[in-house]
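the following comprises the amino acid sequence and a computationally predicted model.
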Amino acid sequence: MKKLYLIGCTALLLGACNKTSQDYQLTGTFEGDSLEYVLVGHGANNISNADTVRIAPDGSFSYTRKMENPEVGFLYVPDKAFYSLVMINGTKTQLKANPNIPDKFTFTGDLEAAENFYYNTCKVLNEKCAATYPSFGEMQRTLQAMSDSIEQAAKKISPKEFAVLVMGDVKINQNNAALDYINQLYNANKPFDSDADYNRYMEALDMNDATQALAYVKWKEECVKQGGPTSYVRMLDVVQNKVSNPETQEKVVMEVMGDYFSACDSDLEAVCQKALPMIKDTQKKEWVEQMYNANKKLIPGADAIDCQLEDINGKTIQLSDLYGKVLYLDIWATWCGPCCEEIPYMEKLAQHFKGDNRIVPISISVDRKKKDWSAKLKADKPEWSQYLCPDFTDLYGIAGIPCFILIDTKGKIITTKAPRPSDPECINFISKYLK
């Protein structure tokens, strides 16, 4: 899919006085391939809530909607193109486009000037906000000058509601760029608290805003850990001490816990005990408890969950039959594209450790159709151990594959998030656990 320009899709509450009895009207024609439908969304950039608009055999379409408030929305041609739309009651807009050629489109009608200005503004925003700056202060001065210039020009464009819309998106992009300055410090290999202006900006963030509070918590942790491991207990301490609003506190805690369970480590008990008192919603609390129960079996040092494995000839063994050596498990499936992309790297890894009796690289397929797995093995002829266990992801609570697990000689889990074979550090990581 090719996006023509990035949009913030800001829905602005401009007040009842701006409402009109007339609707927003969009008509247009698509050239090129025959289309059956497009999706038109308003407000938040959410494809699932968009309206389906049928396309006539001649490529024409028509869409009418009474807007509650002026908004920036979108028109999406599935898997082809994405156009942002300025949507204001009482206006008529015409779009002519070829979805196969991203830059071939024209807007005409009441909002022609507004649409073209918005498109060009988004290009400027993308360029300026993504640029690398020598300091946070320089970035802020550059973005503010850009904002002032855009605002002056936007005020000259009809209707008057448009300036408020576009400046809403400008403000969002400015704020996001400021919060993301942490990435510039990282890329420049500078300490995260090395820019005094950025430090003052982060300390002044609104802790009642969940987005800003979460950014502060993550920044603070980066400053403290100084390249060491992330402490989620420490992050939750910051949430507890800095975020006073209970609803905001709960939102930030849930974000932190989502990150934590994606990188679950041996602090499981302490992290969950710290988080649960700050979660009031029953369903969210139950989710954390469920994740705790699922992950406590998989933390480093826990016993690996035993299961039955089947080889290509139908012979079955238990995973525990392989204990005594370090096991590097590649959990994959034939229908998983990213999994198959790792196969050549897995082959190189197996070749690297060939003859090393301290470790066994093993690929475990979770295919439900054994014939698909068998056909893949016959075609690829892998020279390392291959087994089938369709229920493995359920047993280990694995949400996505490929997944790589390292188990020690005693059947204890080293990690359920080992580096994938394509990671340049994978062999070094494994070698640390070979004795």
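Structure received.

sketch out the low-pLDDT regions of the stretch 201-350 of the chain for me.
Applying pLDDT under 70 to the stretch 201-350 of the chain flags the ranges 265-266.

count of neighbours near residue 240?
Counted with other CB atoms under 10 Å, residues neighbouring residue 240 total 16. The C-beta positions use only the backbone N, C-alpha and C, and glycine is treated the same way.

err, residue 185, not the other one
Other residues close to residue 185 by other CB under 10 Å number 18.

residue 88 now?
Residue 88: 25 surrounding residues under other CB under 10 Å.

likewise residue 304?
24.

hmm, residue 326 and it touching each other?
No: with contact defined as CB atoms under 8 Å, residue 304 does not reach residue 326; the gap is 11.7 Å.

overlap in contacts of these two?
Listed as contacting both residue 304 and residue 326 by CB atoms under 8 Å, 6 or more residues apart in numbering are residue 407.

helix, strand or coil for the residue most central in space within the chain?
For the chain, residue 259 is the residue whose C-alpha lies nearest the centre (CA atoms, centre = their mean; 11.5 Å). Classification of residue 259 using DSSP: H, G, I helix; E, B strand; the rest coil returns helix.

distance-wise, check the closest residue to it other than its chain neighbours relative to residue 156.
Nearest non-adjacent residue to residue 259, counting by CB to CB, 6 or more residues apart in numbering: residue 232, 7.6 Å away. Remark: distance between residue 232 and residue 156 (CB to CB, to the nearest Å) = 50 Å.

ditto for residue 203
38 Å.

now residue 229
54 Å.

the stretch 1-150 of the chain: strands as residue ranges?
2-3, 24-30, 37-41, 51-54, 60-65, 71-77, 81-87, 92-97, 105-109 (DSSP state E, counting those that start in this stretch).

surely residue 39 and residue 75 touch.
Yes: between residue 39 and residue 75 there is a contact at 7.2 Å, judged by CB under 8 Å.

in terms of neighbours, single out the busier of those two.
Between residue 39 and residue 75, counted using other CB under 10 Å, the more crowded position is residue 75 (23 against 17).

which residues touch the more buried one?
26, 38, 39, 40, 41, 82, 83, 85, 95.

would you mind measuring from the second one to residue 46?
Yep, that's residue 38 we're talking about. Per CB to CB, residue 38 is found 15 Å from residue 46.

higher neighbour count, these two?
Taking neighbours as other CB under 10 Å, residue 38 and residue 46 compare with residue 38 leading, 25 against 11.

what pLDDT does the more buried one get?
Listed pLDDT for residue 38 reads 95.

gap between it and residue 134?
44 Å.

try residue 433
Residue 433 is 42 Å from residue 134, where distance means CB to CB.

and the two? which has more neighbours close in?
For residue 433 and residue 134, the more surrounded residue by other CB under 10 Å is residue 433, and the numbers stand at 17 against 10.

which element is that one on?
For residue 433, there is no helix or strand it lies in under DSSP states H and E.

my read is that it contacts residue 410, right?
No: the pair residue 433 / residue 410 is not scored as a contact, 11.7 Å apart, by CB under 8 Å.

which of residue 232 and residue 156 has more residues huddled nearby?
Set residue 232 next to residue 156 and count neighbours by other CB under 10 Å: residue 232 wins out with 24 against 10.

report pLDDT for residue 48.
Here, the pLDDT recorded for residue 48 equals 79.

how about the one 3 residues further on?
Confidence per residue is given as pLDDT, and for residue 51 that number is 94.

count the neighbours of it for me.
Residue 51 has 14 neighbours, counted by other CB under 10 Å.

beta partners for the closest residue to it other than its chain neighbours?
Closest residue to residue 51 apart from its sequence neighbours, by CB to CB, 6+ apart: residue 40 at 5.0 Å. Bridge pairing for residue 40 (DSSP bridges) gives the partners residue 51, residue 75.

wasn't residue 244 part of a helix?
No: per three-state DSSP, residue 244 lies outside any helix segment and is coil.

please shift the residue numbers so they start at 4 in all later answers.
Right, with 4 as the first residue, what we last looked at is residue 247.

isn't it right up against residue 210?
Yes: contact criterion CB under 8 Å: residue 247 and residue 210 qualify, at 6.9 Å.

where's residue 29 relative to residue 89, distance?
Spatial separation of residue 29 from residue 89 under the definition CB to CB is 10 Å.

okay, now the domains of this structure?
4-189, 208-298, 311-434 (automatic domain parsing).

count the neighbours of residue 351 for me.
Considering only other CB under 10 Å, residue 351 is surrounded by 13 other residues.
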